[in-house]
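K.L.:
Have a look; sequence and predicted model below, questions after that.
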Amino acid sequence: MSSPTKYIFVTGGVTSSLGKGIISASLAKLLQARGYTVTIQKLDPYINIDPGTLNPYEHGECFVTDDGAETDLDLGHYERFLNAPTSRANNVTTGKIYQSVIDKERHGDYLGKTVQVIPHITDEIKNRIKILGKTGNYQFVITEIGGTVGDIESLPYVEAVRQLKWELGKDCLVIHLTLIPFLSTTGELKTKPTQHSVKMLLEYGVQPDILVCRTEHHLNKEIRKKIALFCNVETGAVIESIDASTIYEVPLLMEKEELDIAVLKKLNLPVAENIDLDKWKEFLQKLKNPKSEIKIGLVGKYVELKDSYKSISESFIHAGAANDCRIKIEWIHSESITDENVHEKLKGLKGIVVAPGFGQRGIEGKIAAIKYVRENNIPFLGICLGMQCAVIEFARNVLGFKDANSTEMNPATTNPVIDLLEAQKKIVNKGGTMRLGAYPCHISDDTNAFEIYRKKEISERHRHRYEFNNEYLADFENAAMIASGINPEGGLVEIIELKGHPWFVGVQFHPEYKSTVANPHPLFVNFVKATVEVATLKSKV
């Protein structure tokens, strides 16, 4: 009996960072636009249980799902393209696989058996791959396998794919993403790296059904025929993936290459005549043809690796398009900011975002930047630690609590305006123990937050340990910094805003995790709108 769910595996060869996540998300978008239900999962070969304890310099941003999973940043791309939430089932790591198998062994599930990579590890991988398909919610499960074919770490995953290809038959196919480099000395595109990459897959027992070839130059018919001949695929299954000016162009490039049609034909599924990409094209049109441009500063401590703030930068792309405005982000390292140079560092910027983070490094620079934008009426958005820094700055410079701080930065402060919850103080293990995932928030009437969201009850995703200390709430509100959003379950402050300022909002949660092409996040949309309006007013003075 044929499975109602079709499984598509996306592997990568030749080199890393070819864009498996974007190709997976683009294919999913095309299938969705043809009326199919799709989800995407990522298999990561590292031994960490999740990226939650990884430094952003190691792995880029840690993305958080509604159900509190700390995951790979590719899940952010999946959500932004599909406008559908992911979950902890959408990200599997080698650490999770081995932890599960070892727990079963200790429990006695394999009593009397020698526990081995095959079949026990590969069986666990196959079970995790099938979890989403078994829900009955999806006609397609696209599985992106991290790393590059040939990596030792990826071998169990490739073996699991080989087994599933045999078990699932016509309900399964493999897409291999590879590179066609251009040699400028000879003026030629070279297919040999792709041939070798496919040969390596074949050695592992996996024949790719479709090849997606990253290239800087168009592939002619002769090159496509040559690749098809040497790699055992049909010529129509050799798909060109040429460099694009924006990742949001890739679905349209893949539509032109008929990647989705090739997939549907190979899986013996009907190809609907109509494909609904009108809203996507409208977004792309606005993105490429803005009516204005504005510079916004992002103050953070990991700015050398821009992937550390991937969801924030993508949220500004969505919000910019919604406002017919191109956002130029100026990346500013918080360690480089002092009270003496802050004017020079922030000069010409029409809005400032102070980014999330952990630890003492760069904190004083963030606080100096916030003091400057507060006093100079520059629109400000503080996210997580950025909101906490705004609280510290206000306590020091407006309320007069000169040593005000977070107990994360100074456990001995006599004014802990940001502090650990009692439940967090007893925690020893660092992994997965923060306040994670979606929590409700009640928004007060007659506030900027209510104007932004246009509703009283919202849900946003969190990733933090420290909270606003409610013992100081009356002091803040008496001085015009109000708590406009409160968690109804614990009374925790979720949103702060400053009365009398053009636009000054700090949020304890991470709004960037929920911004998508179809639904740009209202906080970012409103913040961009405010930067444009304030800049326009100032230019007329």
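P.N.:
Everything's here; your move.
K.L.:
Report the rounded mean pLDDT for stretch 494-513.
P.N.:
Average pLDDT, stretch 494-513: 96.
K.L.:
cool, and stretch 98-114?
P.N.:
The average pLDDT for stretch 98-114 rounds to 93.
K.L.:
From start to finish, how long is it in a straight line?
P.N.:
Stretch 98-114 stretches 15 Å from its first residue to its last (CA to CA, to the nearest Å).
K.L.:
which residues touch that stretch?
P.N.:
Stretch 98-114 is contacted from outside by 47, 49, 115, 120-121, 124, using CB atoms under 8 Å, 6 or more residues apart in numbering. C-beta coordinates here come from the backbone N, C-alpha and C atoms, glycine included.
K.L.:
how does it look with 7 Å?
P.N.:
Around stretch 98-114, the neighbours that count as contacts under CB atoms under 7 Å, 6 or more residues apart in numbering are 49, 115, 120-121, 124.
K.L.:
can you give me phi and psi for Phe380?
P.N.:
In terms of degrees, to the nearest 10, the main-chain angles of Phe380 are phi -130, psi 140.
K.L.:
buried stuff in the helix or strand encompassing Gln285?
P.N.:
Element membership of Gln285, judged by DSSP states H and E, is helix 278-288. In terms of neighbour count (16 or more other CB atoms under 10 Å), helix 278-288 has its buried residues at 280, 283-284, 286-287.
K.L.:
want to throw those into TSV with pLDDT and distance to Glu314?
P.N.:
TSV is the format used below for these (pLDDT from 0 to 100; distance: CB to CB, whole Å):
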residue	pLDDT	distance to Glu314
Trp280	97	15
Phe283	97	12
Leu284	96	14
Lys286	96	15
Leu287	96	11
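K.L.:
now those residues as CSV including distance to Val198?
P.N.:
Listed next are these as CSV, based on distance: CB to CB, whole Å:
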residue, distance to Val198
Trp280, 32
Phe283, 35
Leu284, 32
Lys286, 39
Leu287, 35
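K.L.:
about what we covered before: could the C-alpha coordinates of the helix holding Gln285 be exported in CSV?
P.N.:
This file holds the C-alpha atoms of helix 278-288, laid out as CSV (Å, rounded to 0.1, in the frame of the first residue of the first chain):
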residue,chain,number,x,y,z
ASP,A,278,0.8,36.4,-7.0
LYS,A,279,1.4,37.7,-3.4
TRP,A,280,5.0,36.4,-3.6
LYS,A,281,5.6,38.3,-6.8
GLU,A,282,4.0,41.4,-5.4
PHE,A,283,6.3,41.2,-2.4
LEU,A,284,9.3,40.8,-4.7
GLN,A,285,8.2,43.7,-6.8
LYS,A,286,8.1,46.0,-3.8
LEU,A,287,11.4,44.6,-2.5
LYS,A,288,13.2,45.4,-5.8
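K.L.:
ok now it, how far from the chain's centre?
P.N.:
21 Å (CA atoms, centre = their mean, to the nearest Å).
K.L.:
Check which helices and strands it sits against.
P.N.:
helix 310-322 (3 or more CB pairs under 7 Å, 6 or more residues apart in numbering; DSSP states H and E).
K.L.:
I'd like to check the angle between the helix it packs on and helix 278-288, please.
P.N.:
90 degrees (axes from the mean of the first three to the mean of the last three CA atoms, to 10 degrees).
K.L.:
Each with direction, which strands does the next helix or strand after helix 310-322 pair with?
P.N.:
Counting by DSSP H and E, the next helix or strand C-terminal to helix 310-322 is strand 325-333. According to DSSP bridges, strand 325-333 forms sheet pairs with strand 292-300 (parallel).
K.L.:
Can you pull out the residues in contact with the partner strand?
P.N.:
So strand 292-300 is in contact with 309, 312, 316, 324-332, 334, 337, 346, 348-355, 357, 366, 369, 531-532, 535, going by CB under 7 Å, 6+ apart.
K.L.:
Of those residues, keep whichever come out buried.
P.N.:
The neighbour count (16+ other CB under 10 Å) marks 309, 312, 316, 325-327, 329, 332, 334, 337, 346, 349-355, 357, 366, 369, 531-532, 535 as buried among these.
K.L.:
how about the residue nearest to Glu153 when sequence neighbours are not counted, phi and psi?
P.N.:
Spatial nearest neighbour of Glu153, chain neighbours left out: Pro45 (3.6 Å); criterion: CB to CB, 6 or more residues apart in numbering. Per-residue torsions, Pro45: phi -80, psi 0 (degrees, to the nearest 10).
K.L.:
Could you do His120 as well?
P.N.:
Phi and psi for His120, reported as degrees, to the nearest 10, are phi -70, psi -50.
K.L.:
number of nearby residues for it?
P.N.:
Neighbours of His120 under the rule other CB atoms under 10 Å: 21.
K.L.:
Check His318 too.
P.N.:
Using other CB under 10 Å, His318 has 25 neighbouring residues.
K.L.:
what do you get for Pro511?
P.N.:
23.
K.L.:
Next: the one 3 residues further on.
P.N.:
Other residues near Lys514 number 23, with proximity taken as other CB under 10 Å.
K.L.:
which residues in the stretch 101-250 of the chain form strands?
P.N.:
For the stretch 101-250 of the chain, the strands defined by DSSP state E, counting those that start in this stretch occupy 140-145, 172-179, 182-183, 188-189, 210-215, 238-242.
K.L.:
Mean neighbour count added to the ones you listed, as CSV?
P.N.:
Putting these into CSV (neighbours: other CB atoms under 10 Å) gives the following:
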stretch, mean neighbour count
strand 140-145, 26
strand 172-179, 24
strand 182-183, 10
strand 188-189, 15
strand 210-215, 23
strand 238-242, 22
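K.L.:
List the residues that contact the nearest residue to Thr413 once chain neighbours are set aside.
P.N.:
Nearest non-adjacent residue to Thr413, counting by CB to CB, 6+ apart: Asn405, 4.1 Å away. If you count contacts by CB under 7 Å, 6+ apart, Asn405 has them with 392, 413, 416.
K.L.:
Tell me how far Asp171 lies from Lys130.
P.N.:
11 Å (CB to CB, to the nearest Å).
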